[in-house]
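Visitor: sequence unavailable; structure follows:
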């Protein structure tokens, strides 16, 4: 699989600038990652 590089700030930069995430925001990001992984798996990129 090939992925395009997206220029931007990383999580460490965000935390240094804005402080620790609230529990609500952290859970939102975790859910997004889980949904993205589920989608990739449905597309057959991960072998079971």
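Guide: Sure, I can see it. Quick caveat: nothing in here was measured; it's all calculated off a predicted structure.

Visitor: spatially central residue in the protein, please.
Guide: Closest to where the C-alpha atoms of the chain average out (CA atoms, centre = their mean) is residue 33, at 4.4 Å.

Visitor: show me what the helix or strand encompassing residue 31 is packed against.
Guide: Taking DSSP states H and E as the criterion, residue 31 maps to helix 23-42. On a contact count with 3 or more CB pairs under 8 Å, 6 or more residues apart in numbering; DSSP states H and E, helix 23-42 meets no helix or strand. C-beta: built from backbone N, CA, C; applies to glycine.

Visitor: any stretches of this protein with poor pLDDT?
Guide: 1-3, 46-48 (pLDDT under 70).

Visitor: mind checking how far the helix holding residue 31 is from the chain centre?
Guide: Relative to its chain's centre, helix 23-42 lies at 7 Å (CA atoms, centre = their mean, to the nearest Å).

Visitor: buried set for that helix?
Guide: For helix 23-42, burial by neighbour count (16 or more other CB atoms under 10 Å) applies to no residue.

Visitor: in which helix or strand would I find residue 5?
Guide: Here residue 5 is assigned to no helix or strand, by DSSP H and E.

Visitor: where does it fall, phi/psi-wise?
Guide: phi -70, psi 130 (degrees, to the nearest 10).

Visitor: list the contacts of it.
Guide: By CB atoms under 8 Å, 6 or more residues apart in numbering, the contact set of residue 5 is empty.

Visitor: now residue 17
Guide: Taking CB under 8 Å, 6+ apart, one finds nothing in contact with residue 17.

Visitor: mind running it again at 10 Å?
Guide: residue 9 (CB atoms under 10 Å, 6 or more residues apart in numbering).

Visitor: tilt between the host helix or strand of it and helix 23-42?
Guide: For residue 17, the host element (DSSP H and E) is helix 11-18. Angle, helix 11-18 to helix 23-42, by axes from the mean of the first three to the mean of the last three CA atoms, to 10 degrees: 160 degrees.
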